[in-house]
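In: After the sequence you'll find the predicted model.
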Amino acid sequence: MVHEHFLEKESREFCAEYEFLKRNSARGAHRNVCEMLMSTRVPVSKSKNFLFQSIIDFLNISEIKTTTAVLRKRREDFTESTDTDSDSETPDEWYNDHEEKLNVDYSIDQLETVFEKCYRDEFLRRNNKSVDNEKLIEEAGVMERLILRDASARYWRLLEYEYVLKYFSMKVLRVTRANEKVKTFFLEFGTGISYNWEYWRCQEDGRTMIWKGYHANFYSCRRFQQWASHHIHYCFQRVGFQRLIFETEERNQWDPEIDPFCNFYKQLANRLQKAAKFSLPTHVRSFEIELNWFEDSDEHNRIQTWQLLEHLHPGTLKFIKFRKWMDTMEHGRGAILTMSGWEEIIGSTQWKAVEELDILDENINMEVKDYINFNVVKLHLQAERIVIFSEQVKNHIKKSRITFNVNEEFDFHKAAQILRAPFIEIIPSKFLLDHGKDVYMQLFENESTIVLTIERRRVGAFVNGVTRLAGHVSNWFH
């Protein structure tokens, strides 16, 4: 049964415009309007405002025999558990199986037409020029396109099957996992404009809430991680990011004892793998990832790293940063990560193309041979191990110069004293490690750096000259 005065086109458009102001998707808005049309009359007090009274009063009730398919409003049945989770690793199309028929003659096409007009009018107010649907899509930024995809089927087709795929550039994409949340932060080049999209799992009622800037929408399922991976993958296909960051929020940390599921990362990897032949490469210059998300082992961290690293373009990747995630004394403190068994990553074109590596973490201890090809390496080092470190570096060094940035606690005076025993100090804090290869190590305390160089034509020649001169002088006096 429907309200007869809402059979009028103007009244239904008014309802659709209200749903637009709430920033609901077209499917969610269509469901709300159809349920309102099907609702029964609730007694209300007489209003002094005649216009308001005319809207809420029924003229009469008539029966409509046409049925309309809508997205089901009921919330997904669930039982709180740390053993099972509806938000599985493999992406699904949950909403396709959650439709029902309502006895109302109001198609979603009618609502989408109103939504399209509202978006065009909004563009006119912001930019002082009118556009058609095609021009609106062309002018939209990547975050606006994510919203327009849900505004109408016509917009979705224009975006998914556009003749020339529009590509965007952004400075940063930071993906943060928190307690029952996935947060994304986008930062544009030059303008400083940023976007925050967050995906919340509402445990008490089994729903998902998505924040799109200052607007929030509820969805009647718990698949907040699938929503996150889907949107991030959409951006991967259309945006070139300079920095790509995956980390854990410090204040509201993800707790594996309460919510052991961290599937959005694996879902994202699955989407990238399936679309690898068709998607554009992600032009990332800086890849910064927090390890230990799966399990505390080199093998699981290798899988976590390679799932995304293999999709990054080696022609642009210049910087990699690793940190090991730890939350309490019980989690993440079991082992030092050595990256053993990472041959696939170490031998990849992506790894070989990188110029700078940041492993400045006391819980990460890679072998020197695995990072000796970089120009700059940030690492955690103890002064007591400086001789062992020096021996390893001089045996594997191939570049003419490598800079190591060490932790602030590194004792440069103690390191210099230790190096004076096995090596020759050419000038203060500069040591000859290998006379045959002319490998030198110099300590710069003010900059917290250790520089390794091969100086065959410069210092090496100078030292040899000094040695020969000293021999001649000795012969003169004898």
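Out: Good, I have the coordinates. Numbering: from 1, shown residues only.
In: Report the separation between the nearest residue to N365 once chain neighbours are set aside and I402.
Out: In this structure, N365 finds its nearest non-sequential neighbour in I336, 5.1 Å apart by Cβ to Cβ, 6 or more residues apart in numbering. Backbone N, C-alpha and C define where each C-beta goes, glycine included. The gap separating I336 from I402 is 23 Å, by Cβ to Cβ, to the nearest Å.
In: ok, these two, which is more surrounded?
Out: I402 (20 against 12; other Cβ atoms under 10 Å).
In: element containing the more buried one?
Out: strand 401-406 (DSSP states H and E).
In: Count the neighbours of L148 for me.
Out: Counted with other Cβ under 10 Å, the neighbours of L148 add up to 21.
In: thought W227 was touching Y199?
Out: Yes - the criterion here is Cβ atoms under 8 Å, and W227 meets it with Y199 at 5.2 Å.
In: so what sits against both of the two?
Out: Counting by Cβ atoms under 8 Å, 6 or more residues apart in numbering, the shared contacts of W227 and Y199 are T208, I210.
In: Give me the more crowded residue out of the two.
Out: Y199 (25 against 21).
In: and the gap between that one and Y214?
Out: 16 Å.
In: got it, and N103?
Out: Shown here: N103 relative to Y214, a distance of 37 Å by Cβ to Cβ.
In: out of those two, which sits in the busier spot?
Out: Using other Cβ under 10 Å as the criterion, N103 and Y214 rank with N103 on top: 15 against 7.
In: hang on, isn't the more buried one packed against E35?
Out: No - judged on Cβ under 8 Å, N103 makes no contact with E35 at a distance of 11.4 Å.
In: would you say I450 is within a strand?
Out: Yes - according to DSSP: H, G, I helix; E, B strand; the rest coil, I450 belongs to a strand.
In: tally of neighbours for the nearest residue to it once chain neighbours are set aside?
Out: The shortest distance from I450 to any residue other than its chain neighbours is 4.4 Å, reached at F404 (Cβ to Cβ, 6+ apart). The tally of other residues near F404 (other Cβ under 10 Å) stands at 20.
In: for the one 10 residues further on, same thing?
Out: The burial count assigned to K414 is 13, neighbours taken as other Cβ under 10 Å.
In: Could you report the distance from it to Y195?
Out: Noted for K414: a distance of 48 Å to Y195, by Cβ to Cβ.
In: do R223 as well
Out: For R223, the distance to Y195 (Cβ to Cβ) stands at 22 Å.
In: Between these two, which is the more surrounded one?
Out: R223 (25 against 18).
In: Do I have it right that that one meets D87?
Out: Yes - with contact defined as Cβ under 8 Å, R223 and D87 form a contacting pair (5.0 Å).
In: E198 looks like it's in a helix, true?
Out: No - E198: not assigned to a helix; according to three-state DSSP it is strand.
In: contacting residues around it?
Out: Counting by Cβ under 8 Å, 6+ apart, the residues that E198 touches are K181, V182, K183, T184, I210, W211.
In: Secondary structure and pLDDT added to those residues, as TSV?
Out: Below are the contacts of E198 laid out as TSV (DSSP: H, G, I helix; E, B strand; the rest coil; pLDDT from 0 to 100):
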residue	secondary structure	pLDDT
K181	strand	89
V182	strand	92
K183	strand	94
T184	strand	94
I210	strand	90
W211	strand	91
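In: May I ask which of the residues you listed has the most neighbours?
Out: The most neighbours of any of the contacts of E198, using other Cβ under 10 Å, belong to V182, which has 26 neighbours.
In: beta partners of the residue nearest the centre of the chain?
Out: Centroid check for the chain by Cα atoms, centre = their mean gives V175 as the closest residue, at 3.4 Å. Under DSSP bridges, the beta-bridge partners of V175 are T184, F246.
In: hang on, it packs against R243?
Out: No - V175 lies out of contact with R243 (Cβ under 8 Å); the separation is 11.3 Å.
In: Tell me how many other residues crowd the residue lying closest to K369 once chain neighbours are set aside.
Out: Leaving aside its chain neighbours, K369 sits nearest to H396 (4.9 Å; criterion: Cβ to Cβ, 6+ apart). The number of residues packed near H396 is 14, by other Cβ under 10 Å.
In: and K369, how many neighbours?
Out: Neighbour number of K369 under other Cβ under 10 Å is 12.
In: From start to finish, how long is stretch 350-361 in a straight line?
Out: Stretch 350-361 has an end-to-end distance of 22 Å (Cα to Cα, to the nearest Å).
In: how about it: buried residues?
Out: Judged by neighbour count using 16 or more other Cβ atoms under 10 Å, the buried positions of stretch 350-361 are Q350, W351, V354, E356, L357, D358, I359, L360, D361.
In: So what touches that stretch?
Out: Residues outside stretch 350-361 that contact it (Cβ under 8 Å, 6+ apart) are 288, 309-310, 312, 314-315, 317-324, 345, 366, 371, 373-380, 405-407.
In: Following the chain onward from the helix or strand where F123 lies, which element is next?
Out: If you go by DSSP H and E, F123 is part of helix 108-127. Toward the C-terminus, helix 108-127 is succeeded by helix 133-139 as the next helix or strand (DSSP H and E).
In: got a list of contacts for that following helix?
Out: With contacts defined as Cβ under 8 Å, 6+ apart, helix 133-139 is touched by 116, 119-120, 123, 127, 131, 145, 148, 154-155, 158-159, 162, 166.
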